[in-house]
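In: can't give you the sequence, but here's the structure:
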């Protein structure tokens with residue numbers, strides 16, 4: 001839990017006290033995320049676990065912070081999460097409203113009836129956002145997309 005974010009922290013923030021990393025998830029599993037952070041970065045003061053609410057209203061974390069890099073991993077799978085991806089779309093839009101130059105990456109695993117095509121269509125439906133596939137692995141059925149604001 002939190003591995004992609006911890007890798008980004010190690011690559012981009014670990015040696016720079018001015019940069020902060022926020023790993024987010026549902027409130028119910030934040031304690032496990034905090035434990036993983038402490039296990040891997042016991043003395044770091046600039047990596048945080050914080051709950052993030054997916055909703056049409058802007059979460060306080062998104063209102064308060066301007067993110068440069070956002071990584072979303074395996075959060076779209078309708079048999080498990082239903083159509084919660086519709087709310088995720090709003091969160092990602094808000095991130096780009098706060099920082100139009102943010103790098104927003106979405107990683108998905110293709111599975112039967114996953115809802116990913118509907119999610120990708122919705123991401124582009126505003127007319128103000130562009131979605132590009134930047135990487136795929138056919139064997140493991142993993143795809144990574146970049147979401148950007150059309151300026």
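Out: Perfect, thanks for sending it. Bear in mind the structure is a predicted one, so any value in this text is a computation, not a measurement.
In: going forward, measure contacts between C-alpha atoms and count neighbours the same way
Out: Fine.
In: contacts only, for residue 102.
Out: The contact partners of residue 102, taken as Cα atoms under 8 Å, 6 or more residues apart in numbering, are 67, 68, 69, 70, 95, 96, 148.
In: from the residues you listed, which is closest to residue 2?
Out: residue 70 (12.6 Å; Cα to Cα).
In: the helix or strand containing that closest one pairs with which strands?
Out: Assessed by DSSP states H and E, residue 70 sits inside strand 69-73. Strand pairing for strand 69-73, determined by DSSP bridges: strand 103-109 (parallel).
In: for the strand it pairs with, the distance to its chain's centre please.
Out: Here strand 103-109 is found 7 Å from its chain centre; the criterion is Cα atoms, centre = their mean, to the nearest Å.
In: as a whole number, average confidence for it?
Out: Averaged across strand 103-109, the pLDDT comes to 98.
In: which residues are in contact with the nearest residue to residue 9 once chain neighbours are set aside?
Out: Closest residue in space to residue 9, ignoring its immediate chain neighbours: residue 21 at 6.0 Å, by Cα to Cα, 6 or more residues apart in numbering. Contact analysis of residue 21 by Cα under 8 Å, 6+ apart lists 5, 9, 13, 46, 47, 48.
In: of these, grab the buried ones for PyMOL.
Out: Filtering these down to the buried ones (16 or more other Cα atoms under 10 Å) takes a single PyMOL command:
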select buried, resi 5+9+13+46+47
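In: dead centre of this structure: give me the residue that sits there.
Out: residue 72 (2.6 Å; Cα atoms, centre = their mean).
In: that residue bridge partners, please.
Out: As assigned using DSSP bridges, the partners bridged with residue 72 are residue 106.
In: what's the spacing between it and residue 116?
Out: Taking Cα to Cα, to the nearest Å as the measure, residue 72 falls 13 Å from residue 116.
In: and for residue 58?
Out: In terms of Cα to Cα, residue 58 sits 23 Å off from residue 116.
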